[in-house]
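In: pasting the structure only:
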């Protein structure tokens, strides 16, 4: 970056974008500098991505690089893998993470394992983007997050941005990474005009080249009384709760994991060493997943760090229901988070 | 240029060329003509002597290799048979009998072309020029192996010749599309060959891949090795059509079935398909009626098989040898020479593997991610 560019970036540092535009800006900038990048997926061309993950890319880069695929996830994800092993840097979109059932073999047995099986001789520099999350009554096959499932399977990085700047910075890093990276964007953070959006889904985004390192959590809010470890849309619910409780003198720290693989265990430990109290907020299912892993990160090192039992605020082990009131009984809402914090600090 | 080449044309070619050795009990798929939209000039009926010797030598090398693997695999499995024991532990799927497919296809390829093979990959690896020493070391689980002992015989990756394989049925097809996609975008005439067994033709990955490759005219040659057995299930019990070549018509691409494990017919069909792919005209599908001479894996007693009594007569290597002797292409000296060269190369690879280091358990977590090797 030239000094002029730096100056421009500084001058425009107050520019605000929604998350989807920030994500698209990273893809655009990377595609301009590297012509081995293509974007493949269902409805990513003229439609611009069902959740606006590719808006404007077709007009900018044309059909040779922004490519609508048939509804054949096994074939086109596998195609991305093969292209990556031959030196390209494909970005491949799985429209909903819930659809991994029709193509999981290519993801976990091929994309994630080829580098290891080859003893490091074959790289798979590919980004698998996918929309996650519920809260809008899309039913139990279009509302899951499933990031714990991806993170459980070794060999792929898993990034989960929560805000526009990170969406851009993590996308840039994902594209440049020599490993397969699963990039999971929550529909509720994208700033879509047709879905309830949180107030932080439009925020300041650096205009020039912007990288966020994969594997570094962010302290979204500093606090001293309790730690909420969370990710994605739940970061915003947790921040809302922390801000509300601040008025009562309860000082909550919020850790935004930003990536699950690698998991920034030191950031979790640093915060719990400070507060001694832990709440994990996760929109994925309760059992055998992310929330348990976060707790074990602490207890593996020193259970004595905890002054109170941990609370986990997650999706219970239930298929996500359709009816609004039922779905919101399952989601990790602000009310549930607040109740958990009060219990832990009491 | 017409669409006149039909499956019956090929069947009669095979019959003509194999009259002296057509002892197969296999029935030809006669219930439906195979659509073939290929535009081609008449295939060359006569292969050069060099080409025939090349096909023969490749088959001999592959068989010699697998006989050596077989020997080493069983050398220390006792007492009894413990699959996890020995210098070569684990499942071992050998391709003996299927050499004509690999030899006939790979004769048209260069090191720039990709091959994605199956859980039964050795014949294609040998025919495509995978580094035999490194492959053997991988099968022995050594640090000098293609995957430094992380892959094993179902997961062989040799980027120098763009070779890979997968242990999951039909799932080697989709990555081949991507390799072809990359070659095409790069403006080369390299192609990808995707191999699967007849059982794979009933998997979704197979059909998704044919459609996408046809839609985007990707330079892929799809090979189906019909060895009649999906482990213990006969193809008649698994597959609704008697020729998987007919399935190509569903995707508007040429499909052809080669009968009788005929290496020269494979060579000619593959030549047409490879030429079509290199010319940018899109993919083709070739199914070859081949032979699983040994078990699904070593240790498979094959009690389910009813075709074993006469199986040695079907072995494609002695059959091709006698055919070439009759044609005056091979004599005793040439046969001995091919075998001696094969034995020398194979035993050097076995020795290399045995002399190589066993991976250090402390290195278990190396190579999961790319940055860890820096």
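Out: Thanks, I have the structure now. Quantities reported herein were computed from a predicted structural model and do not represent experimental measurements. Numbering: from 1, shown residues only, chains lettered A, B, ... in the order given.
In: And the helices in the stretch 251-374 of chain B?
Out: B:263-278, B:311-314, B:316-326, B:332-355 (DSSP state H, counting those that start in this stretch).
In: ok, and which of those helices has the densest surroundings?
Out: helix B:263-278 (a mean of 23; mean count of other C-beta atoms under 10 Å in any protein chain shown). Quick note: C-beta positions are derived from backbone N, CA and C, even for glycine.
In: Do a quick rundown of the helices in chain A.
Out: Using DSSP state H, the helices of chain A run over A:3-11, A:19-33, A:57-61, A:73-85, A:104, A:114-117, A:147-152, A:164-176, A:233-246, A:265-275, A:290-301, A:324-330, A:334-345.
In: ditto for the stretch 51-200 of chain B
Out: B:99-106, B:122-127, B:132-139, B:173-186.
In: Count the residues that sit near whichever residue of the stretch 1-150 of chain B sits closest to chain A.
Out: Closest approach between the stretch 1-150 of chain B and chain A, counting by C-beta to the nearest C-beta: residue B:148, at 3.2 Å. Using other C-beta atoms under 10 Å in any protein chain shown, residue B:148 has 24 other residues around it.
In: domains of chain A?
Out: A:3-204, A:218-345 (automatic domain parsing).
In: Who are the contact partners of residue B:277?
Out: Residues in contact with residue B:277 (C-beta atoms under 8 Å, 6 or more residues apart in numbering or on different chains) are B:180, B:191, B:219, B:220, B:221, B:283, B:284.
In: which one of those residues sits closest to chain A?
Out: Nearest member of these to chain A, counting by C-beta to the nearest C-beta, is residue B:180, at 7.6 Å.
In: Can you report how many residues neighbour that closest one?
Out: Neighbours of residue B:180 under the rule other C-beta under 10 Å: 31.
In: contacting residues for the closest residue in space to residue B:54 that isn't next to it in sequence?
Out: Closest residue to residue B:54 apart from its sequence neighbours, by C-beta to C-beta, 6 or more residues apart in numbering or on different chains: residue B:107 at 6.1 Å. By C-beta under 8 Å, 6+ apart, residue B:107 lies in contact with B:51, B:54, B:55, B:58, B:127, B:267, B:270.
In: Could I have the buried ones of those as ChimeraX selection syntax?
Out: Only the buried entries of the contacts of residue B:107 go into this ChimeraX selection, using 16 or more other C-beta atoms under 10 Å in any protein chain shown:
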select /B:51,55,58,127,267,270
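In: What residue in the stretch 101-250 of chain A comes nearest to chain B?
Out: Nearest residue of the stretch 101-250 of chain A to chain B, counting by C-beta to the nearest C-beta: residue A:119, 3.2 Å away.
In: Isn't that residue up against residue B:155?
Out: No. Residue A:119 is beyond contact range of residue B:155, at 10.1 Å (criterion: C-beta atoms under 8 Å).
In: Can you get me a residue count around residue 73?
Out: In the absence of a named chain, this looks at chain A. Residue A:73 is flanked by 26 other residues according to other C-beta under 10 Å.
In: hmm, I had chain B in mind actually
Out: Residues lying near residue B:73 (other C-beta under 10 Å) number 22.
In: How many residues are close by the residue nearest to it when sequence neighbours are not counted?
Out: Among residues not flanking residue B:73 along the chain, residue B:88 sits closest, at 4.6 Å (C-beta to C-beta, 6+ apart). Residues near residue B:88, counting by other C-beta under 10 Å, number 22.
In: likewise residue B:280?
Out: 11.
In: list the contacts for it?
Out: Contacts of residue B:280 by C-beta under 8 Å, 6+ apart are B:184, B:217, B:219.
In: Chain neighbours aside, what residue packs nearest to residue A:321?
Out: Computed as C-beta to C-beta, 6+ apart, the closest residue to residue A:321 that is not its neighbour in sequence is residue A:327, at 5.4 Å.
In: Ignoring the adjacent residues along the chain, who's closest to residue B:223?
Out: residue B:195 (4.6 Å).
In: which regions of the chain lie under the pLDDT threshold?
Out: With no chain named, the answer covers chain A. A:1-13 (pLDDT under 70).
In: I was after chain B.
Out: In chain B, residues with pLDDT under 70: B:1-45, B:372-374.
In: re earlier: so which of the helices of the stretch 51-200 of chain B gets nearest residue A:214?
Out: Among the helices of the stretch 51-200 of chain B, the nearest to residue A:214 by C-beta to C-beta is helix B:173-186 (23.3 Å).
In: What are the boundaries of the strands in the stretch 101-250 of chain B?
Out: Here the stretch 101-250 of chain B has its strands, by DSSP state E, counting those that start in this stretch, at B:114-117, B:163-165, B:192-197, B:220-226, B:229-230, B:233-234.
In: Let me have the ones you listed in a markdown table, extended by mean neighbour count.
Out: Formatted as a markdown table, the strands of the stretch 101-250 of chain B follow (neighbours: other C-beta atoms under 10 Å in any protein chain shown):
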| stretch | mean neighbour count |
| --- | --- |
| strand B:114-117 | 30 |
| strand B:163-165 | 27 |
| strand B:192-197 | 28 |
| strand B:220-226 | 30 |
| strand B:229-230 | 20 |
| strand B:233-234 | 14 |
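In: Export those as JSON lines, with columns for distance to residue B:346.
Out: Below are the strands of the stretch 101-250 of chain B laid out as JSON lines (distance: least, C-beta to C-beta, whole Å):
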{"stretch": "strand B:114-117", "distance to residue B:346": "19"}
{"stretch": "strand B:163-165", "distance to residue B:346": "18"}
{"stretch": "strand B:192-197", "distance to residue B:346": "22"}
{"stretch": "strand B:220-226", "distance to residue B:346": "22"}
{"stretch": "strand B:229-230", "distance to residue B:346": "27"}
{"stretch": "strand B:233-234", "distance to residue B:346": "33"}
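In: between those, which gets nearest to residue B:139?
Out: That would be, of these and by C-beta to C-beta, strand B:163-165, which comes in at 12.1 Å.
In: so, in contact with chain A or not, that closest one?
Out: Yes. Interface with chain A: strand B:163-165 contributes residue B:164 (C-beta under 8 Å from any C-beta of the partner chain).
In: ok, back up a step: you'd agree the residue nearest to residue B:223 is up against residue B:172?
Out: Yes. If you go by C-beta under 8 Å, residue B:195 and residue B:172 touch, sitting 6.6 Å apart.
In: what's near enough to touch the closest residue to residue A:222 other than its chain neighbours?
Out: Nearest non-adjacent residue to residue A:222, counting by C-beta to C-beta, 6+ apart: residue A:253, 5.7 Å away. Contact partners of residue A:253, counting by C-beta under 8 Å, 6+ apart, are A:219, A:221, A:222, A:223, A:224, A:226, A:227, A:228, A:242, A:271, A:274, A:275.
In: just residue A:26 next, same as before
Out: By C-beta under 8 Å, 6+ apart, residue A:26 lies in contact with A:167, A:168, A:169, A:171, A:172, A:175, A:210.
In: wait, which of these is closest to residue B:337?
Out: residue A:175 (53.4 Å).
In: what's the neighbour count on the residue nearest to the closest one when sequence neighbours are not counted?
Out: Excluding its sequence neighbours, the residue lying closest to residue A:175 (C-beta to C-beta, 6+ apart) is residue A:30, at 4.6 Å. The number of residues packed near residue A:30 is 19, by other C-beta under 10 Å.
In: what residues are up against residue 105?
Out: Since no chain was named, I'll use chain A. Per C-beta under 8 Å, 6+ apart, neighbours of residue A:105: A:74, B:168, B:171, B:205.
In: not what I meant, chain B
Out: The contact partners of residue B:105, taken as C-beta under 8 Å, 6+ apart, are B:124, B:127, B:193, B:221, B:223, B:266, B:267, B:270, B:286.
In: near chain A too, which of the contacts of residue B:277?
Out: Within the contacts of residue B:277, those near chain A by C-beta under 8 Å from any C-beta are residue B:180.
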